[in-house]
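In: Structure, please.
(one chain, ligands or ions: 2)
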Amino acid sequence: MESTETTQQSAVQAAWNKRPLIISGPCSAETEEQVIETAERLAKTGKVDMLRAGIWKPRTKPGMFEGIGAKGLPWLQKAKKLTGLPTTVEVATGKQVEDALTFDVDVLWVGARTTVNPFSVQEVADALRGVDVPVLIKNPINPDLELWQGAVERVSRAGIKQIGLIHRGFSSYGNTEFRNAPMWHLAIEMKRRMPGMPIINDPSHICGRRDILQATSQKAIDLDFDGLMIESHIDPDNAWSDAKQQITPERLAEMLSAISWRKEDVPSESYHAALDKLREQINHIDDELMQLISQRMSIAEKIGEYKRNNNVTILQATRWNEVLDKALLKAGKVGLSEEFIARYMDAIHMESINRQNKIMND
Ligand code: PEP
Ligand code: MN
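Out: Ligands and ions are numbered 1, 2, ... in the order given. This is a model prediction of the structure:
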């Protein structure tokens, strides 16, 4: 018979390797009853692979609930025993790593407020030396991929073999649709930089509210994320932290059922043939676009020479307004969004300015 420890290890490995990997549980462990009931109701859905709960909460301002502390770890241990769900907890200090491991937490995660601080990440990494535990690393609160990658490297250098990423969005000033701007392109770039490393999406902290959780989760699945971490609570409105974004285990199950799960590829010849044909067209158009942009830049350089010879400024606001207005008007007519064309024209214009700047000042 397998020992309990090996059974548990294989349960953790099975969860870690499952696609999509679904992690859920409360933002914070609050009471033993709350943790156990959440775990049992999540397990009952049959749709969750791992139980999360915040034990130590890095809150933005003092006076908010800062987590129950190590006292909550035995509750998680009990929840695991009752449901078989492996557990995961956020750690931000060496002591927290030690405490979490003492109470058999199966997977550790580094939070967004920790990833920003190399001292803290290094302390966590040092505490992980010689330990065989999977670690998930959330993106830093600011959109800096180097910091995110740096945290992965620190944990990896400590000898941790199983590392995954969690994309939870990035802080910005002022009220926006999202609590943390997803900036999907950054997650995509991180995926490119770290091929083969699992990346989980955390729509709860991106959205900060329930009504857009499902659409955001769907978007993550459409972008080929490996799983989701979604906060759930037995009584979301009365949660001690992040009340607005939590959902009941039953609502989570409904939401997961409504998601269209996608795969990265299918073994269908007709699908591949059709895609290859269309992609060839795309490649061709990309080539042409590049040629045209290059021609446009050559003309801009010629204009730069005239401006230099006549001592005229690079920018004439009226001309730029005309160009932009015309492009935006055209955008609607050809089915392109104004937002995209504004960004596109801005990029083209900045490159033109840089070229002319060189011509005029070299
Ligand atoms: C959390 O998962 O509850 C949490 C604090 O997340 P983040 O580190 O993304 O803010
Ligand atoms: Mn939270």
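
In: so what's the closest residue to ligand 2 within the chain up against?
Out: Of all residues in the chain, Cys27 sits closest to ligand 2, at 3.3 Å by C-beta to the ion. Any C-beta I mention is one placed from the backbone N, CA and C, and that applies to glycine too. For Cys27, the contact set (C-beta atoms under 8 Å, 6 or more residues apart in numbering) comprises 54, 57, 204, 231, 233, 239-242, 245-246.

In: Could you rerun that using 6 Å?
Out: Cys27 is in contact with 54, 231, 241-242, counting by C-beta atoms under 6 Å, 6 or more residues apart in numbering.

In: residues near the nearest residue to it once chain neighbours are set aside, how many?
Out: Excluding the flanking residues, the one nearest Cys27 by C-beta to C-beta, 6 or more residues apart in numbering is Asp242, at 3.9 Å. Residues near Asp242, counting by other C-beta atoms under 10 Å, number 20.

In: What of Leu42?
Out: Using other C-beta under 10 Å: Leu42 sits among 30 other residues.

In: and the helix or strand encompassing it with ligand 1, contact?
Out: Using DSSP states H and E, Leu42 sits in helix 32-45. No. Helix 32-45 does not reach ligand 1 (C-beta under 6 Å from any ligand atom); its nearest approach is 13.8 Å.

In: One more: stretch 144-153?
Out: No. Stretch 144-153 lies out of reach of ligand 1 by C-beta under 6 Å from any ligand atom, never closer than 12.1 Å.

In: Report the central residue of this protein.
Out: Centroid-nearest residue in the chain, with C-alpha atoms, centre = their mean: His167, separated by 1.5 Å.

In: related to what we said a few turns ago, identify all contacting residues around the helix or strand following the helix holding Leu42.
Out: For helix 32-45, the succeeding helix or strand toward the C-terminus, using DSSP H and E, is strand 50-52. Contacting residues not belonging to strand 50-52 are listed as 15, 23, 25, 39, 79, 85-88 [C-beta under 6 Å, 6+ apart].

In: switch to 7 Å and redo it
Out: Residues outside strand 50-52 that contact it (C-beta atoms under 7 Å, 6 or more residues apart in numbering): 15, 23-25, 39, 42, 79, 85-88, 107, 229.

In: Next step: those residues restricted to strands.
Out: Among these, the residues falling in strands (DSSP state E) are 23-25, 87-88, 107, 229.

In: all helices for the stretch 51-200 of the chain, in order.
Out: For the stretch 51-200 of the chain, applying DSSP state H, counting those that start in this stretch gives helices covering 73-83, 94-102, 112-115, 118-128, 145-157, 184-193.

In: Tell me which of these is the most buried.
Out: helix 112-115 (a mean of 23; mean count of other C-beta atoms under 10 Å).

In: Could I get the average pLDDT for that one?
Out: Average pLDDT, helix 112-115: 98.

In: Which residues does that helix contact?
Out: 58, 92, 120-121, 124, 137-141, 147-148, 151, 168.

In: leaving aside the residues next to it on the chain, what's closest to whichever residue of the stretch 1-150 of the chain sits closest to ligand 1?
Out: Residue nearest to ligand 1 within the stretch 1-150 of the chain: Gly111 (3.1 Å; C-beta to the nearest ligand atom). Counting by C-beta to C-beta, 6+ apart, Gly111 lies nearest to Glu90, which is 4.6 Å off, once chain neighbours are set aside.

In: where's stretch 230-246 relative to the chain centroid, distance-wise?
Out: 20 Å (C-alpha atoms, centre = their mean, to the nearest Å).

In: which parts of it are buried?
Out: 230-234, 236, 239-242, 245-246 (16 or more other C-beta atoms under 10 Å).

In: out of those, who's near ligand 2?
Out: Asp242 (C-beta under 5 Å from the ion).

In: Return the member of the buried residues of stretch 230-246 nearest to Ile282.
Out: Checking these against Ile282 with C-beta to C-beta, the nearest one is Ile230 at 34.3 Å.

In: show me the contacts for that closest one.
Out: 24, 203-204, 213, 252.

In: who does His167 bridge with?
Out: Asn201 (DSSP bridges).

In: So it sits against Ala187, correct?
Out: Yes. With contacts counted by C-beta atoms under 7 Å, His167 reaches Ala187, the gap being 4.1 Å.

In: shared neighbours of those two, anything?
Out: Common neighbours of His167 and Ala187 (C-beta under 7 Å, 6+ apart) are Ile199.

In: ok, then the element right after the longest helix along the chain?
Out: Using DSSP state H, we find that the single longest helix of the chain is helix 269-309. Sequence-wise, the next helix or strand downstream of helix 269-309 (DSSP H and E) is helix 317-333.

In: mind listing what's buried in the next helix or strand after that following helix?
Out: Toward the C-terminus, helix 317-333 is succeeded by helix 338-361 as the next helix or strand (DSSP H and E). When burial is assessed from 16+ other C-beta under 10 Å, helix 338-361 yields the following buried residues: 341, 345, 348-349, 352, 355-356, 359-360.

In: pLDDT (mean, whole number) over helix 338-361?
Out: pLDDT averaged over helix 338-361 gives 96.
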